[in-house]
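**Q** What would the 3D arrangement of this be:
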Amino acid sequence: MPQHLHRHRATAARRFRYHDNHPDLSRQRAFRQKRKAFFLRGHGLELPSEKTHSNSPERRLDLRTGASSGRHQMTHIVNIDALPHLYPTHIQEPKFWESLGRAVATFGLLEEVLGKAIFALTATRRCKDKAEDQRAYAKWLPQLEHALTDTLAPLINSYDKAARNHPDVKLDILNDLVRDLRKASEMRNILCHGSWGKPDANGASLPRFVNRKKMIVDSPMDCSFLDQVQRHTAELACAVISTVTLTGLQFPGSDGPGRAVWQESPAKSST
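**A** Numbering: from 1, shown residues only. So this is what the prediction gives:
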């Protein structure tokens, strides 16, 4: 999968930091106006011209709040009725959002599969003695609760640990799989949390996203790329299932071959 992240030369805070005590007020206003226009252009909108009357001490426009100070008070709010239909998704074709939605939905399947794999591998791990078995059982319920509530990144960590602690999991395929899962988790965060800008001539959009390492996306994404991500994520989910079935277990929730991980106790017949 191509790399879409690179490091900032300057942190986001440094790039957009603004000092209110700057001596040149006109440069302050120009900077704020430019930043506001840049944000609106990314969503297909334009900044209306404002007469700030910078030469008059009686009226000064504060672009941070949209209010002016002086004898004539002015306030501004967003005209919601004037927003384009389906704003801000109106600037891309419906096919783009279909491809993005399918990719995101497949990541949801991957999270479900990881949770079931954690259940299967932790439920069937063999212990050395009864004491170890009791300790493992005491920790099992919290593990299952996390498998139900964790997001993708911690689910991958829990799956990796559960697989390595299981004696029948083939570690030669696990290492590459976990590496690919972690890369996919980075892409999932971009797709789910990015703000999609105006598409280029080829219909590709650049998601505005900064991760915790101050890395941003530098390559626009189109339908073809999103479809590839969707397919790759589906293949990862199948690979996770295979790590369970290769141990001889039936994957939980399926009707496939293998030994059932959990069997209900037979009901006692009443006489």
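
**Q** Identify each buried residue in the host helix or strand of Leu109, please.
**A** Taking DSSP states H and E as the criterion, Leu109 maps to helix 94-123. Neighbour counts over helix 94-123 (16 or more other Cβ atoms under 10 Å) mark 96, 99-100, 102-104, 106-107, 110-111, 113-123 as buried. (Glycine included, C-beta is placed from N, CA and C.)

**Q** and if you look at stretch 207-223?
**A** Result for stretch 207-223 [16+ other Cβ under 10 Å]: buried residues Pro207, Phe209, Met215, Ile216, Val217, Pro220, Met221, Asp222, Cys223.

**Q** Kindly report the same for stretch 235-251.
**A** Within stretch 235-251, the residues that count as buried by 16+ other Cβ under 10 Å are Leu236, Ala237, Ala239, Val240, Ile241, Thr243, Val244, Thr247, Leu249, Gln250, Phe251.

**Q** I'd say the fifth one and Val113 touch.
**A** Right, Ile241. Yes: using Cβ atoms under 8 Å, Ile241 is in contact with Val113, at 6.1 Å.

**Q** shared neighbours of those two, anything?
**A** Residues touching both Ile241 and Val113 (Cβ atoms under 8 Å, 6 or more residues apart in numbering): there are none.

**Q** Residue ranges in this protein under the pLDDT threshold?
**A** For the chain, the stretches with pLDDT under 70 are 1-29, 31-32, 35-36, 38-73, 125-134, 136-138, 263-271.

**Q** any idea which element Ile216 lies in?
**A** strand 215-217.

**Q** Which stretches in this protein count as helices?
**A** Along the chain, the stretches classed as helices by DSSP state H are 12-16, 25-41, 94-123, 130-149, 152-164, 171-193, 223-245.

**Q** of all those, which lies closest to Ala260?
**A** With respect to Ala260, and counting by Cβ to Cβ, the nearest of the helices of the chain is helix 94-123 at 9.9 Å.

**Q** Quick check: the gap between the closest residue to Ala123 other than its chain neighbours and Leu206.
**A** Leaving aside its chain neighbours, Ala123 sits nearest to Val261 (5.3 Å; criterion: Cβ to Cβ, 6 or more residues apart in numbering). Distance of Val261 to Leu206, given as Cβ to Cβ, to the nearest Å: 44 Å.

**Q** swap in Thr106?
**A** Counting by Cβ to Cβ, the separation of Thr106 from Leu206 is 22 Å.

**Q** what does Lys214 give?
**A** Distance of Lys214 to Leu206, given as Cβ to Cβ: 17 Å.
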